[in-house]
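J.: Structure here, sequence nowhere to be found:
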Ligand SMILES: NC(=O)C1=CN([C@@H]2O[C@H](COP(=O)(O)OP(=O)(O)OC[C@H]3O[C@@H](n4cnc5c(N)ncnc54)[C@H](O)[C@@H]3O)[C@@H](O)[C@H]2O)C=CC1
Ligand SMILES: O=c1[nH]c(=O)c2[nH+]cn([C@@H]3O[C@H](COP(=O)(O)O)[C@@H](O)[C@H]3O)c2[nH]1
Ligand SMILES: [K+]
């Protein structure tokens, strides 16, 4: 007979935190949001520690290299999606690993034989007034010179004249080898009164441009998540179909962490794939999931998973529960899996971090997930709203929205799911829609972090391990849930101004 699991399937909206005693030292500035990312000996540090407990969803509408760079600069980690060719995913891993703060890959490039008219058009398109002149007109061609808006003007110079007539040749352009550090490059920019310092490799091919205007950039990001070579860290999603081809290429490109991405990780496919990955690449951490209960957690931990994602059907674009009738309220899932993680730690001495994935609709949901035992969170909708996410920004009557669609929607054309038994996709498990545009990731995340820290202060915790260990949660009734919201007519909607 079917077994009835004890307890009700509950979600974050049903809980609140009780304040604990706050000591005088416990202030937002003293709160540390460091979180373990991968399996480690209990009581020791994780080989990779997030500086802030956020990861971006393994989704086309979320995790572009631009978003992964912005998130790693905030101390979190982006997971580049895998619903495309190995080559395309590898190129995105390289784009993040090659990112050097203050070192820009030139987007305005011409050949000496191009016309000034073409150069002017290009500058108008990119909005940049410094162009690199290279032998092949690309950002990695041999550097032959620089040409800026100071060197020509469309009303003074013939549009048909060649770039070579106005460019400053490389012999007269101050430049450097690419192993120069940012502070050294900045020193040269100021001492030699330069606006731009190009860097080149041993054979004279262009690598980067360093601009004086980016001088303060690095100081804005004190909690960047970097590897031993000071390169930003990046994760990549993989699947249980083509991992034998995909993983070697991603590792070769320098990926820091992998995660098997599936709506249902409690499968022999995933155990087999984890075993293969740990056998061939023991040094590369690999996560598994998704699961919603302790039994599935232990199954994947035993198979070698270095972290485990929790969440089936709770995502904002999810319709898995409607379509397949599987899933579990995200709060119940996190609480159950966190208990299994702690039991696993007590039995084996190994700490396997867990990630709450999907369904975090408010900033306080993130805080609740962390209090309930998640080591870190993964978010799709949240990040899809920012400038750095790949979805198009669309104007509406009430402001801007950004496109956001599920990996199980028709739009995602997820080839993993085309084995449902017929031709094409027989049913969808995700929707295609819009989320309110939220501007720049750095500013949005700063607000979320401020709220999490304020709650931790109220709960008397200065780090996440203490927060988990001491948090007191209460269930809210429907009536008390209503009490949580403002019960006056708020000024903007009163119609008095
Ligand atoms: N977290 C969630 O609640 C949900 C997430 N999604 C997302 O949708 C995307 C697709 O997820 P899934 O459909 O679960 O993909 P999946 O690849 O894990 O599973 C698709 C189907 O392929 C089978 N399968 C797996 N490996 C196989 C192999 N090597 N050979 C033959 N068959 C194999 C599975 O049993 C399943 O029937 C992912 O990005 C996932 O994150 C979709 C629905 C819900
Ligand atoms: O049922 C689903 N159908 C889909 O098409 C789909 N695409 C992504 N995901 C999962 O949702 C997570 C992101 O959720 P949020 O937008 O709520 O942060 C992601 O991290 C995934 O776990 C899906 N779930
Ligand atoms: K299963």
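T.: Perfect, thanks for sending it. A quick note: this is a predicted structure, and the numbers were derived from the prediction, not measured. Ligands and ions are numbered 1, 2, ... in the order given.

J.: Do you know the pLDDT at the closest residue to residue 157 other than its chain neighbours?
T.: When the adjacent residues along the chain are set aside, residue 157 lies closest to residue 116, with 5.4 Å between them (Cβ to Cβ, 6 or more residues apart in numbering). C-beta coordinates here come from the backbone N, C-alpha and C atoms, glycine included. You'll see residue 116 listed with a pLDDT of 96.

J.: Any idea how many residues pack against residue 116?
T.: 24 (other Cβ atoms under 10 Å).

J.: Repeat that for residue 12.
T.: The burial count for residue 12: 23, using other Cβ under 10 Å.

J.: Please name the residues that touch residue 391.
T.: By Cβ atoms under 8 Å, 6 or more residues apart in numbering, the residues touching residue 391 are 61, 384, 402-405.

J.: Take these and keep only those in strands.
T.: 402-405 (DSSP state E).

J.: sorry, back to before: the contacts of residue 391 also near ligand 1: which ones?
T.: Counting by Cβ under 6 Å from any ligand atom, nothing from these sits close to ligand 1.

J.: biggest separation within these, which pair?
T.: With Cβ to Cβ as the measure, no two of the contacts of residue 391 lie farther apart than 402 and 405, at 10.8 Å.

J.: Wasn't residue 378 part of a helix?
T.: No. Secondary structure of residue 378 (DSSP: H, G, I helix; E, B strand; the rest coil): strand, not part of a helix.

J.: follow-up on the earlier one: ok, so of the contacts of residue 391, who is nearest residue 202?
T.: Closest to residue 202, out of all of the contacts of residue 391 and judged by Cβ to Cβ, is residue 61, at 40.0 Å.

J.: Tell me, how many residues neighbour that closest one?
T.: Neighbour tally, residue 61, other Cβ under 10 Å: 28.

J.: from memory it sits against residue 384, does it?
T.: Yes. Using Cβ atoms under 8 Å, residue 61 is in contact with residue 384, at 5.2 Å.

J.: quick one: common contacting residues for these two?
T.: 391, 403-404.

J.: Ignoring the adjacent residues along the chain, who's closest to the most centrally placed residue in the chain?
T.: For the chain, residue 78 is the residue whose C-alpha lies nearest the centre (Cα atoms, centre = their mean; 2.6 Å). Nearest non-adjacent residue to residue 78, counting by Cβ to Cβ, 6+ apart: residue 68, 2.7 Å away.

J.: can you list the residues that contact the helix or strand hosting the one you found?
T.: Assigned by DSSP states H and E, residue 68 belongs to helix 65-73. With contact meaning Cβ under 8 Å, 6+ apart, helix 65-73 is reached by 54-56, 77-80, 92, 95-96, 99, 101, 221, 224-226, 232-235, 383, 386, 388-390, 441-442, 445.

J.: 6 Å - rerun?
T.: Residues outside helix 65-73 that contact it (Cβ atoms under 6 Å, 6 or more residues apart in numbering): 56, 78, 92, 95-96, 99, 221, 224-225, 232-234, 388-389, 441.

J.: Between those, which sits nearest ligand 1?
T.: Ranked by distance to ligand 1 (Cβ to the nearest ligand atom), the contacts of helix 65-73 are led by residue 56 at 12.7 Å.

J.: Pretty sure the closest one sits against residue 76.
T.: No. The criterion here is Cβ atoms under 6 Å, and residue 56 misses it with residue 76 at 7.4 Å.

J.: hang on, the earlier thing: need the contact list for the residue nearest to the centre of the chain.
T.: 56, 63, 67-68, 71, 234.

J.: Tabulate the residues you listed in JSON lines, adding columns for neighbour count and pLDDT.
T.: Compiled in JSON lines, the contacts of residue 78 are given as follows (neighbours: other Cβ atoms under 10 Å; pLDDT from 0 to 100):
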{"residue": "56", "neighbour count": "30", "pLDDT": "98"}
{"residue": "63", "neighbour count": "30", "pLDDT": "97"}
{"residue": "67", "neighbour count": "22", "pLDDT": "98"}
{"residue": "68", "neighbour count": "30", "pLDDT": "98"}
{"residue": "71", "neighbour count": "29", "pLDDT": "98"}
{"residue": "234", "neighbour count": "30", "pLDDT": "98"}
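
J.: Pretty sure residue 199 sits in a strand.
T.: Yes. Counting by three-state DSSP, residue 199 is located in a strand.

J.: And the helices in the stretch 201-350 of the chain?
T.: Taking DSSP state H, counting those that start in this stretch, the helices of the stretch 201-350 of the chain run over residues 243-252, 268-280, 294-302, 320-324, 330-348.

J.: Going by mean pLDDT, which of those comes out lowest?
T.: Looking at the helices of the stretch 201-350 of the chain, the weakest mean confidence is helix 320-324, a mean of 85.

J.: hmm, that helix touching ligand 3?
T.: No. Helix 320-324 is not in contact with ligand 3 by Cβ under 5 Å from the ion; minimum separation 10.9 Å.

J.: which residues are there in the stretch 201-350 of the chain that come within reach of ligand 3?
T.: Going by Cβ under 5 Å from the ion, the residues of the stretch 201-350 of the chain near ligand 3 are 264, 266-267.

J.: out of the residues you listed, who has the most neighbours?
T.: Going by other Cβ under 10 Å, residue 266 tops these with 19 neighbours.

J.: Excluding chain neighbours, give the residue nearest to that one in space.
T.: What sits nearest to residue 266 in space, not counting adjacent residues and going by Cβ to Cβ, 6+ apart, is residue 296, at 3.9 Å.

J.: Hmm, residue 264 and the one you found touching each other?
T.: No. Between residue 296 and residue 264 there is no contact under Cβ under 6 Å: 8.8 Å.

J.: Adding pLDDT and distance to ligand 3, write the shared contacts of residue 61 and residue 384 out as a markdown table.
T.: Listed next are these as a markdown table, based on pLDDT from 0 to 100; distance: Cβ to the ion, whole Å:
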| residue | pLDDT | distance to ligand 3 |
| --- | --- | --- |
| 391 | 94 | 30 |
| 403 | 95 | 31 |
| 404 | 96 | 27 |
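
J.: want to throw the residues you listed into CSV with distance to residue 37?
T.: Putting those into CSV (distance: Cβ to Cβ, whole Å) gives the following:
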residue, distance to residue 37
391, 26
403, 29
404, 25
